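Enquirer: Okay, predicted coordinates and the sequence, questions at the end:
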Amino acid sequence: MAGDGTVKLIDEKGKRLDGRTVNDLRPTEIKIGVVKNADGSAEIRMGKNIIIAAVYGPRELHPKHRALPHRALIQCFYRMSTFSVNDRKSPAPSRREKEISMILANALTSVVLTEKYPRTTVDVYLQVLQADGGTRCASLTAASVALADAGVPMRGIISSVASGLINDKVAQDLDDIEDQKGSGDMPLGYCPTLNEVSLFQLDGVFTLEQFDECLDLSIEGAKKLHTMQTDALKQKYTDIRAEVSDDDELAKEKVKPVVKDETKPVAKDETKPVAKDETKPVAKDETKPVAKDETKPVAKDETKEKSGDE
Amino acid sequence: MSEIKVKNHEIVIPGDLLGEGTIKYGEGVIRRGNSYFSSIVGLFQDKGDFIQVKALKGKYLPRPGDLVIGKVVEVGLTNWIVDVGSPYSAVLSANNATEKRFDPVKDDTRRIFNIGDMILTKIMSFDRTRDPQILTNERGLGKLRGGRVIEIEAAHIPRVIGKKGTMINMVKRLTRTQIITGQNGRIWVQGKNVDDELKAIGSIKKIEKEAHTQGLTDRIREMLSINQTEEEV
């Protein structure tokens, strides 16, 4: 955004500063259940970003006059740790943090079935432990996983990634340097199963072609993230299943080594894929519904949403 | 016409496509046009004439008639505010608390239930626009004395009870404890000694952890009877 295009961010071979090509996401890891006290939680590591999301609720809202009579209120608390950036970040909530909290709350409100819990609040706490560009997107990705982990009913899970312009080329998932020295930045929150945009911001000047290319690239990245979110959510339960069926197999072998036919194939199917092959079958399941109605995503009327919140 | 895309007992997450066409659906499922999606993390169940997703986690929502274990958090002149582990705190008014008529001039609410008391109650009414009303003036309801209360996911209570109470009766028998399960995820356990109580709690926690697997009753029986034989030897 602030860049004038003079800093070289891509070399002749199309490699970026950290060795990625323009189509690559940063290596990403998502875990659930990291905050035991919370009703649901998630941790995301996206490149150098580390963010913890914790969800409490639905629960009673205090002060009570802020409660909405027809739906639940979603409150986001995005905070950056003082040690998350090179120069110490002041611990006082900044204008930027308040703004990000608000846009994340708006984005999440569009997918959570808030009308199921009127007069309550769902609190989403997002603590950035280490920041390296694109934290609002990573936060949104983690927050929707944490909400699902908390058992909050939702229409879908949001996956979010920020693409942008560096050296007049469209590139996916900008990091901190690319964000500051590049010439455009476009955070996108997208729900692949609904084919809906729930967060959209843009900074910089794009040509129409660049805009289309950037949007497509972001959506592609969001879909990749979505399979990771799915895996993270299912992992906990498939792991327990695998563990249990393992026990069963051992127990049955001890007692009656003859009766194997029924238990074995099931046990094998469940134990093995957890580590490696798990991603593949899931990925198939996830992409199918989206591929069918692969029209342009329906941009939600953002202004309407906001006025409705008041 | 209709087509179901997910296998029975598969784990689904919000937004997963479950089926297309005209299907009857129950809890945890939302419909968009002719497509049906899951709205929660849960176990997909194809019940033949309809589909549903059983939640694996989530807050307890009161239903009239539910037996729940609550904690008194506030005492008023003629009522108590009780935490029943749901997003809405329950109100117990004095008329519904005791079998005797309550006279606000003579009787003191604090002598009946005080702050911190665990009480076994029943949900009288609840409709989301008002806080749930509860009662304790039926047989067996009231203050829980002795024992201990543990908290598990409310969604797993049916699994702890089992079909017609098979699971809970087995745990009671094998650990020689008394157990009361509240629909809100709180369970009261009392045994003759601490070991029995801990054993019962251990098995309940195991049921909670493995609630989404099959053949659980056998595994719990095995676990408890192994402990028993060890003791006897």
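Expert: Structure's in. What do you need?

Enquirer: Closest residue of chain B to chain A?
Expert: Closest approach between chain B and chain A, counting by CB to the nearest CB: B:Gly58, at 2.8 Å. To be clear about C-beta, it is placed using only N, CA and C from the backbone, and glycine gets the same treatment.

Enquirer: Quick check: B:Lys47 vs B:Ser2, distance?
Expert: 14 Å (CB to CB, to the nearest Å).

Enquirer: Under the pLDDT cut-off, which ranges of chain B? List them.
Expert: B:1, B:227-233 (pLDDT under 70).

Enquirer: Swap in 80 and give it another go.
Expert: B:1-2, B:226-233 (pLDDT under 80).

Enquirer: wait, what's in contact with the residue most central in space within it?
Expert: The C-alpha lying nearest the average C-alpha coordinate of chain B belongs to B:Gln183 (CA atoms, centre = their mean; 2.6 Å). B:Gln183 is in contact with B:60, B:63, B:66-68, B:154, B:157, counting by CB atoms under 8 Å, 6 or more residues apart in numbering or on different chains.

Enquirer: nearest residue to it other than its sequence neighbours?
Expert: B:Asp66 (4.1 Å; CB to CB, 6 or more residues apart in numbering or on different chains).

Enquirer: Looks like that neighbour contacts B:Lys122 (just checking).
Expert: Yes - B:Asp66 is within contact range of B:Lys122, at 7.0 Å (criterion: CB atoms under 8 Å).

Enquirer: What's the local residue count around residue 141?
Expert: You didn't pick a chain, so chain A it is. Neighbours of A:Thr141 under the rule other CB atoms under 10 Å in any protein chain shown: 29.

Enquirer: Chain B was what I was after
Expert: Using other CB under 10 Å, B:Leu141 has 17 other residues around it.

Enquirer: Against B:Met124, how distant is it?
Expert: For B:Leu141 relative to B:Met124 (CB to CB), the value is 11 Å.

Enquirer: what do you get for B:Pro158?
Expert: 22 Å.

Enquirer: Comparing these two, which shows the higher neighbour count?
Expert: B:Met124 (17 against 14).

Enquirer: and that one, that's in a helix?
Expert: No - under DSSP: H, G, I helix; E, B strand; the rest coil, B:Met124 falls outside any helix and is assigned strand.

Enquirer: how near is it to B:Gln183?
Expert: 14 Å.

Enquirer: next one: B:Ile115
Expert: Distance from B:Ile115 to B:Gln183, by CB to CB: 23 Å.

Enquirer: ok, now A:Leu113?
Expert: 22 Å.

Enquirer: again with B:Gly215
Expert: Relative to B:Gln183, and taking CB to CB, B:Gly215 is found at 25 Å.

Enquirer: So the residue lying closest to B:Asn137 once chain neighbours are set aside: helix, strand or coil?
Expert: Excluding its sequence neighbours, the residue lying closest to B:Asn137 (CB to CB, 6+ apart) is B:Glu99, at 5.2 Å. Three-state call for B:Glu99 (three-state DSSP): coil.

Enquirer: just the strands in the stretch 101-250 of chain A please.
Expert: A:120-130, A:159-166, A:169-171, A:184-191, A:196-200, A:203-204 (DSSP state E, counting those that start in this stretch).
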